[in-house]
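Engineer: return atomic coordinates for the entry below.
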Amino acid sequence: MTKRMPRTLGPWSYVSLILACAALAFFFPFGNWRDAKIMTMASTTSSPIYMTGTSVLKHISACDSDQRHVTQMMAARLGSQVTDLSYGGQTLIEQAAYLGTAMHNPQARVLIASASLGDFTPTSEPAFRRRLLFTLASPPSQVRYASDDVADLVMGRDLPESFDYDGEHFASYDYIKQKYLSVEREHSTCPETQGYDHRFVKAIYYGNYVVRPIDDAAVALMARTAAQARAHGKQFFLVVMPVDMELVKQLDPAWVNAIQALRDRLVARLGTQGVSVLDLSEQVPDAGFADRWCACGHLQSLGRERTADRLADELRQRVDWLQQHH
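Structural biologist: Coordinates of the predicted model:
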């Protein structure tokens with residue numbers, strides 16, 4: 001019997017196969033494993049309440065005896081499961097995508113996005129494949145980019161956190177992390193303090209809250225999320241997370257009015273766009289915050305309890321199903 005020789009691809013066939021695989025990999029609408037995990041949770045978990053957000057929801061201070069997250073405390077107060085879809089650094093674009101996926105879940109009744117005032121500024125944009133996935137899986141998402149640059153479109157766009165304060169240019173988050181945040185972490189203690197380098201603490205609050213503009217695209221995205229939630233028979237809320245206003249007042253009393261004015265403009269604009277807002281920006285005292293030096297809104301157990309209590313109270317008042325449930 002003649003032995004059959006394995007067929008080999010010619011050079012042009014080989015190149016064609018590689019190009020076809022590359023095109024398939026590029027155009028197939030997938031994001032990353034975290035997207036897959038969270039969007040699967042959002043669409044399949046049997047839970048009535050879903051909440052997205054940043055590390056604020058899950059951060060635990062080294063000084064805390066109560067290790068529960070905000071959503072776990074909420075669930076205990078409401079007597080109902082709350083599915084937490086958050087992670088550190090989650091943007092409003094990502095929040096809208098994950099909550100948009102939950103809109104297809106028949107078990108979902110309440111969808112909650114949570115953000116600080118600083119999250120409503122121009123932000124990083126996902127790579128094309130992630131944005132395509134979001135658009136296909138999530139009604140509020142749209143394949144739009146602020147930049148016409150092809151590289152930005154394909155790879156995504158990372159906007160640096162850039163501002164000037166007291167003669168220093170804070171060029172990016174990496175610059176801040178390398179020069180200041182590592183030092184602050186090294187000097188962290190229990191009980192927590194208001195920071196080691198007071199000049200830096202003042203600068204980061206200035207950069208995060210005082211000079212940040214409101215991004216029209218972020219407001220429009222939340223408005224689309226609210227409208228799509230209504231179309232799917234869900235209730236959507238946006239939570240403005242707590243700001244350490246007591247510390248802000250100590251840093252510069254004039255900043256309090258500036259931050260409050262920014263918040264009032266934001267809440268008013270969201271309201272006119274049909275977004276139900278739960279404003280918790282001034283609901284937590286200074287002692288309820290963790291990592292005050294980062295101006296990131298991390299909470300100690302006291303702050304998480306206060307936030308969870310206010311959220312639970314507001315939901316009981318505003319959500320018909322919860323009113324009937326209790």
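Engineer: which parts of the stretch 151-300 of the chain are helices?
Structural biologist: Assigned helices in the stretch 151-300 of the chain, in chain order: 173-176, 182-186, 198-205, 216-231, 245-251, 253-272 (criterion: DSSP state H, counting those that start in this stretch).
Engineer: out of those, the one nearest residue 324 is which?
Structural biologist: helix 216-231 (19.5 Å; C-beta to C-beta). For every residue, glycine as well, the C-beta is placed using N, CA and C.
Engineer: got the angle between that closest one and helix 253-272?
Structural biologist: 40 degrees (axes from the mean of the first three to the mean of the last three C-alpha atoms, to 10 degrees).
Engineer: what does helix 216-231 rub up against?
Structural biologist: With contacts defined as C-beta atoms under 8 Å, 6 or more residues apart in numbering, helix 216-231 is touched by 92-93, 96, 99-100, 103, 111, 113, 119-123, 139-140, 142, 144, 146, 235-236, 238, 266, 269-270, 273-276.
Engineer: next, the buried residues of it.
Structural biologist: 218-219, 221-229 (16 or more other C-beta atoms under 10 Å).
Engineer: and which of those is nearest to residue 45?
Structural biologist: Out of the buried residues of helix 216-231, the member with the shortest distance to residue 45 (by C-beta to C-beta) is residue 229, at 17.1 Å.
Engineer: that closest one and residue 272, how far apart?
Structural biologist: 17 Å (C-beta to C-beta, to the nearest Å).
Engineer: what of residue 77?
Structural biologist: Counting by C-beta to C-beta - residue 77 and residue 272 are separated by 31 Å.
Engineer: more neighbours: which of the two?
Structural biologist: Legend: neighbour count by other C-beta atoms under 10 Å for residue 77 and residue 272, higher for residue 77 (17 against 10).
Engineer: helix, strand or coil for the more buried one?
Structural biologist: When classified by DSSP: H, G, I helix; E, B strand; the rest coil, residue 77 comes out as helix.
Engineer: that one contacts residue 310, doesn't it?
Structural biologist: No: taking contacts as C-beta atoms under 8 Å, residue 77 lies outside contact range of residue 310: 10.1 Å.
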